[in-house]
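>>> fold the following and give me the result.
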Amino acid sequence: MTSTENATNASHATNASHATNGSHATNGSHATNGSHATNGSHAANTSHAATVTAAVSPTAAPGPAPDAGASSEAVVCRGLEYSFHGRRSKSTKAVDGVDLIVRTGEVFGLLGPNGAGKTTTIRAITTLLPVPSGMVQVFGYDTARRRMEVRRLLGYVPQQLSAEAGLTGRENVALFARVFDVPHAERAERVAQALAAVDLTEAADRMCGTYSGGMVRRLELAQALVSAPRLLVLDEPTIGLDPIARTSVWECIDAVRRATGMTVLVTTHYMDEADQYCDRLGLMDRGKIRALGTPEELKSWVREQAPEHPDPSLDDVFRHFAGRDLARGQASEGDFRDVRRTRRTASRVG
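This next block holds a predicted model:
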């Protein structure tokens, strides 16, 4: 895949939050911003915080006004469905009637086993998959009818790597600045600010192929932030990274969110990340939202429903809602391409 293709692919983004349709949501599920950030997380010094704010402060909604009667929430999905049609096999419904609201300014985590429909949902929200009008809105714009307006509001870090090893870090971010149509007069400064926001200034003029896995992921974060999006969408941003690199990536994400109020939608298989950094969570299985709430609300619900877990973790929550189907072999575990894609990404950042 060429660097231009990578940049174009990664130039579409998204965001998410409140779900229902059989989900176990509890009252008061809106946790305060940053309520799960750890002490000493990347709040950094005053100068760094100022750099982050300058680099990625979300821009106002462009062009025409949002659709009449539209919600002010970051993301709204109503009965979202999507099926994949094979050449010889019957169609597979990857997303099955998802109702979801992501509130402006929160970090929302979408969890679930492989094949649960998480990435398909994100690709629909980011306009990478076509869905009928009325199913998805991003900041009031219908993704089917106002695709370009939606894309201008998004920053997207896909599961597959989008950085080009044959370019320097600065050149990679500059490429995305051109793709996102950052004004030429502002481009150099915005690129430098985005690199500073993820602590890559000193390595900016090195070839990306010499970066560690954590540095590559932070570079991709800079690529997504250079356009100052209102919604940052991250599909398994720490896959294949060691614990130290994972922490560095999340510290950058948390610093940006705290400095700008940006909305973040993330998928992850690391329950400790979800517990520590996400304000609310939605757990998907077999195309549906099965549970919704803050990490503490979900753990409390499992504690009440499953006495064998007096002090449940998010791993216990995950197993409670998806594990029974997994044990019976009924849950979708993703096809060969899913496994190959995940392993390829992990090997490239490892």
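>>> assumed residue 283 was part of a strand.
Yes. Membership of residue 283 in a strand is supported by DSSP: H, G, I helix; E, B strand; the rest coil.
>>> my read: it touches residue 295, true?
No. The pair formed by residue 283 and residue 295 falls short of the contact definition of C-beta atoms under 8 Å, at 10.9 Å. Bear in mind the C-beta positions are built from the backbone N, C-alpha and C, glycine included.
>>> show me which of these two is the more surrounded one.
More neighbours surround residue 283 than the other of residue 283 and residue 295, with 28 against 23 (other C-beta atoms under 10 Å).
>>> ok, that one - contacts?
With contact taken as C-beta atoms under 8 Å, 6 or more residues apart in numbering, residue 283 is in contact with 111-112, 289-292, 298, 317-318, 321-322.
>>> ends of stretch 114-122, what's the gap?
14 Å (C-alpha to C-alpha, to the nearest Å).
>>> show me where pLDDT drops low in the stretch 101-250 of the chain?
Within the stretch 101-250 of the chain, no stretch falls below the threshold (pLDDT under 70).
>>> go again using 90 as the cut-off
For the stretch 101-250 of the chain, applying pLDDT under 90 flags the ranges 114-115, 159-162, 179-181, 239-240.
>>> now do the strands in the stretch 101-250 of the chain.
With DSSP state E, counting those that start in this stretch, the ranges of strands along the stretch 101-250 of the chain come out as 107-111, 136-138, 141-142, 154-157, 231-235.
>>> could you dump those to JSON lines with mean neighbour count?
Listed next are these as JSON lines, based on neighbours: other C-beta atoms under 10 Å:
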{"stretch": "strand 107-111", "mean neighbour count": "28"}
{"stretch": "strand 136-138", "mean neighbour count": "28"}
{"stretch": "strand 141-142", "mean neighbour count": "24"}
{"stretch": "strand 154-157", "mean neighbour count": "28"}
{"stretch": "strand 231-235", "mean neighbour count": "27"}
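>>> distance to residue 130 added to those strands, as CSV?
What follows is the strands of the stretch 101-250 of the chain, written out as CSV (distance: least, C-beta to C-beta, whole Å):
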stretch, distance to residue 130
strand 107-111, 20
strand 136-138, 10
strand 141-142, 12
strand 154-157, 16
strand 231-235, 17
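>>> looking at the ones you listed, which is closest to residue 201?
strand 154-157 (19.6 Å; C-beta to C-beta).
>>> kindly format the C-alpha coordinates of the closest one as CSV.
Below are the C-alpha coordinates for strand 154-157, written out as CSV (Å, rounded to 0.1, in the frame of the first residue of the first chain):
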residue,chain,number,x,y,z
LEU,A,154,-12.7,13.2,12.2
GLY,A,155,-9.3,12.0,13.0
TYR,A,156,-8.8,8.2,12.5
VAL,A,157,-6.1,5.8,13.6
